[in-house]
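1. Build me a model from this:
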Amino acid sequence: MNTDIAMPATTLDGFERKDHIVNGIRTAVLTIGSGPDLVFLHGTGTFTGFEVARGWANSHRVIIPYHPGFGASDDDPTIASIDDHVMHYMTLFDQLDLQSFALVGHSLGGWIAAEYAVRHPHRVEKLLLVSPAGLVDPDAPAPDLFKIAPPDMPGFLACDPAKILKHFPSGPDPDFEAGLGREIGALAVLLQSEPQGNPKLTRWLHRLTMPTLLLWGAEDRLRPTAQATAWNRQIPNGKVVLVPETGHLVFEETPESGRIVIDFLAA
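-> Predicted structure coming up:
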């Protein structure tokens, strides 16, 4: 399926887009800025855009691929697990000649980033996981995304929903609903067998030996903040930073938190 999600006209101004073929699947990759490479793996719901990357682009070349089944990339019916996404990115990063880079991932993208870094720690200079999915924590389980009523979703995404409502249509919008529904459907495929994530991930987090920052909205309702402790407990060189009065969409609700990424990379 060849699908481009309609985005607000100004959202991607200044980004360069190139399409790459990965195992027959068209994968759209955005870039902005120059300098050391910073790869950003997005979460579910690309409708918010990537405004935070503009600040990062002052010091880095920011590379943002759309996952298969998301945004401007094609669907890939063969991707049914997080391992499939990792293999996809192994091939894409080779095509992009990314040998050593900083890796940032939010939510679903944080899960993919962690699983990739576990397998290829020598290629990830620094790792930043923003409210990542993927870790199964029985003491702080994530809510069932598919049982949240659409009108309640903004309250799960932000501490103050008013700060992110600009990203949602003001009325019925079939194109928006179809695009978001497609991406949520791609996520649902990954969660069919393990709705909370990868129960084996915890045992491999010791392989994340690179400097690692766990950035979390202090009021996150989708990925409970208590999960940060469970992640950090197993990561040798990890650190947790909580952004006050902020929910799951950390960069959208509190844009200044994007500076934390640059400070971490510069340290």
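2. model confidence over the longest helix anywhere in the chain, on average?
-> Criterion DSSP state H: the longest helix present in the chain is helix 174-190. Helix 174-190 shows a mean pLDDT of 94.
3. quick one: contacts of that helix?
-> 3, 5-6, 44-47, 67-71, 75, 79-82, 85, 108, 145-146, 168-169 (C-beta atoms under 8 Å, 6 or more residues apart in numbering). Where you see a C-beta, it was placed from the backbone N, CA and C, and this is true even at glycine.
4. Tell me the strands beside the strand or helix carrying L103, with direction?
-> Applying DSSP states H and E as the criterion places L103 in strand 101-106. Sheet partners assigned to strand 101-106 using DSSP bridges are listed as strand 37-41 (parallel), strand 124-130 (parallel).
5. Please give the element, helix or strand, for V241.
-> V241 belongs to strand 238-243, assigned by DSSP H and E.
6. Give the pairing partners of that strand; include direction for each.
-> By DSSP bridges, strand 238-243 pairs with strand 212-217 (parallel).
7. one step back: could you identify the helix or strand that succeeds the strand holding L103?
-> Beyond strand 101-106 toward the C-terminal end (DSSP H and E), the next one is helix 108-119.
8. S59: what's it in contact with?
-> Contacts of S59 (C-beta under 8 Å, 6+ apart): 33, 35-36, 262, 265-266.
9. And the contacts of stretch 136-149?
-> Here stretch 136-149 has contacts from 133, 156, 184, 187-188, 194-199, 201-202, 221-227, 230, using C-beta under 8 Å, 6+ apart.
10. Among those residues, which are located in helices?
-> Per DSSP H, the contacts of stretch 136-149 map to helices at 156, 184, 187-188, 227, 230.
11. Please check those residues and keep the buried ones.
-> Neighbour-count burial (16 or more other C-beta atoms under 10 Å) applied to these gives 156, 187, 227, 230.
12. before we move on, the earlier item: and the contacts of S59, which is closest to V62?
-> G33 (5.2 Å; C-beta to C-beta).
13. quick one: that closest one and S59, what's the gap?
-> As judged by C-beta to C-beta, to the nearest Å, G33 and S59 stand 8 Å apart.
14. what's the answer for D37, then?
-> 11 Å.
15. ok so, going back, for K239, which of the strands paired with strand 101-106 is the nearest?
-> That would be strand 124-130 among the strands paired with strand 101-106, by C-beta to C-beta, at 10.0 Å.
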